[in-house]
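Novice: Got a predicted model here, sequence first, then my questions.
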Amino acid sequence: MKKSFKITVDLADSHLYHLLKFEAIRRHESMKEVICDALKTYFEDHFETQAMAQAAEKEFFEWENPLDSKYDKL
């Protein structure tokens, strides 16, 4: 049996609630499915962005030039 986890969220925004409801209707899914899909997409994008930033940081570290600090003061 698949374990289930529950959360309660007060959206505090009727417009957001209606957008969620209409998206669920448009997709022929439950509001829960739309929220779960949105969270998955958010975290996939978030972790991908973090990974890209870390990779870029390593590359830019090699470009580090002490003379660049003079430009920072401008």
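Specialist: Yep, it's here.
Novice: shaky segments in this protein?
Specialist: Across the chain, the ranges flagged by pLDDT under 70 are 58, 61-65, 67, 72-74.
Novice: Would you map the helices across it?
Specialist: With helices called from DSSP state H, the chain shows them at 14-27, 31-62, 68-72.
Novice: nearest to Phe5, of those helices?
Specialist: Nearest of the helices of the chain to Phe5, taken as C-beta to C-beta: helix 31-62 at 10.7 Å. C-beta here means a position set from N, CA and C on the backbone, and glycine is covered the same way.
Novice: Could I get the helices of the chain in a markdown table, plus columns for mean neighbour count and distance to Thr8?
Specialist: Formatted as a markdown table, these follow (neighbours: other C-beta atoms under 10 Å; distance: least, C-beta to C-beta, whole Å):
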| stretch | mean neighbour count | distance to Thr8 |
| --- | --- | --- |
| helix 14-27 | 12 | 14 |
| helix 31-62 | 10 | 12 |
| helix 68-72 | 8 | 47 |
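Novice: which stretch among those comes nearest Ser4?
Specialist: Closest to Ser4 of the helices of the chain, according to C-beta to C-beta: helix 31-62, at 10.5 Å.
Novice: tell me the angle that closest one makes with helix 14-27.
Specialist: If you take axes from the mean of the first three to the mean of the last three C-alpha atoms, to 10 degrees, helix 31-62 sits at 100 degrees to helix 14-27.
Novice: other SSEs contacting helix 31-62?
Specialist: Applying 3 or more C-beta pairs under 8 Å, 6 or more residues apart in numbering; DSSP states H and E, one finds that helix 31-62 contacts helix 14-27.
Novice: For the helix it packs on, name the packing helices and strands.
Specialist: Packing partners of helix 14-27 (3+ C-beta pairs under 8 Å, 6+ apart): helix 31-62.
Novice: Rebuild the helices of the chain as TSV, extending it with distance to Lys3.
Specialist: Conversion of those to TSV gives the following (distance: least, C-beta to C-beta, whole Å):
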stretch	distance to Lys3
helix 14-27	24
helix 31-62	14
helix 68-72	51
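Novice: Would you tell me which of these gets closest to Met1?
Specialist: Met1 lies closest to helix 31-62 among the helices of the chain, at 17.8 Å (C-beta to C-beta).
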